[in-house]
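Please find the sequence and the predicted model below.
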Amino acid sequence: MKKILLALTALAAFSGSAFAADLAARPTYTKAPMMPVAPAWTGFYIFGGGGGGVWDANNTVLSSATLAPLTINSRQGGDGWFGTVGAGYDWQFNSSWVFGVLADGQFGSLRGNIADPLAALTGSERLRDTYAAGARLGYLVAPNVLSYVNGGWTGANWSGSTLTTLGGTPSGLHTNSFSSNNGVFVGGGVENNLNIFGITAPGWFMKTEYRAAYFGNHNLGEFSDATGALAGNTIAFKPFVQTISTSLVYRFNWGGPVVAKY
């Protein structure tokens, strides 16, 4: 009996050691770390900034009675600075593409000249503000950098002008202020998160944009300062405006989840 008990004890000890060794030899499995979730561009944003611009305009003198051209076309223009504010909404799709709608305004002073060479008159014309609504389409060159093109409708408000002779003497004539509500714009730019500059500011972006705006023709009558009646020629004015602006952008949902691919 003692021999049988000793044999069974030895067998149990050997089996336990072998089982423990087998357990130690098994590979250890750990949970794979979660991949970082890419930020989403879908959502509302607002922006504000400033920039500079130039305008050029076709300038032709017309007969006020018949609107027949009295001079050949010439080019007048101006330049200046402005501030801008706006808002929009974007949708991110197919991982790397972004489509959005936008509206904005530019407020400042792009000052230049108009002229009536037939009567030897000149005046100062100023682009006071513009407003626009449109859409943009962009491609994500990096998860936090968007390159885009945009376009849509635009309008503008222009000042009136006191017309003077070449020597600077008031002529007694002026043009009235007016609005150009029949314009279109095209442009493009780059928008990026501020963290590419080492700035920790979730939701804050910077965008730099070029825009070209094309407006239809507007006839500027030369009115009497004394009576307000049409008393001179008419100047056909067709402007083209180019601007470059830089703005700070705040995206309300930046960091929201998108579907991640593994």
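That came through, no problem.

Taking the centroid of the chain, which residue is nearest it?
residue 209 (5.3 Å; CA atoms, centre = their mean).

Where does the prediction get shaky in the stretch 51-200 of the chain?
Nowhere does the stretch 51-200 of the chain drop to pLDDT under 70.

would you list every one of the strands in it?
74-93, 97-116, 121-142, 145-158, 161-165, 170-175, 178-193 (DSSP state E, counting those that start in this stretch).

Out of these, which gets nearest to residue 202?
For the strands of the stretch 51-200 of the chain, distance to residue 202 was read as CB to CB. The smallest value, 8.5 Å, belongs to strand 178-193. Every C-beta, even on glycine, is put in place using the N, C-alpha and C of the backbone.

which helices and strands does the closest one pack with?
strand 121-142, strand 145-158, strand 204-214, strand 218-224 (3 or more CB pairs under 8 Å, 6 or more residues apart in numbering; DSSP states H and E).

May I have the strands that pair with the first one, each with its orientation?
Under the criterion DSSP bridges, strand 121-142 sits next to strand 97-116 (antiparallel), strand 145-158 (antiparallel), strand 161-165 (antiparallel) in its sheet.

Out of those strands, the one nearest residue 234 is which?
strand 97-116 (9.1 Å).

How far does the closest one sit from its chain's centre?
On the basis of CA atoms, centre = their mean, to the nearest Å, strand 97-116 sits 11 Å off its chain's mean C-alpha point.

just stretch 185-204 next, same as before
Centre to centre, stretch against its chain (CA atoms, centre = their mean), the figure for stretch 185-204 is 11 Å.

So that it lines up with my notes, have the first residue be 6 from now on.
That works, and once the first residue is 6, the last one we named lands at stretch 190-209.

neighbouring contacts of it?
By CB atoms under 8 Å, 6 or more residues apart in numbering, the list of residues contacting stretch 190-209 from outside reads 137, 139, 143, 147, 149-159, 210-219, 253-257, 259-260.

Can you select the buried ones from those in PyMOL?
Buried members of the contacts of stretch 190-209, identified by 16 or more other CB atoms under 10 Å, are gathered into one PyMOL selection as follows:
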select buried, resi 137+139+143+149+151+153+155+156+157+159+210+211+212+214+216+218+254+256+259
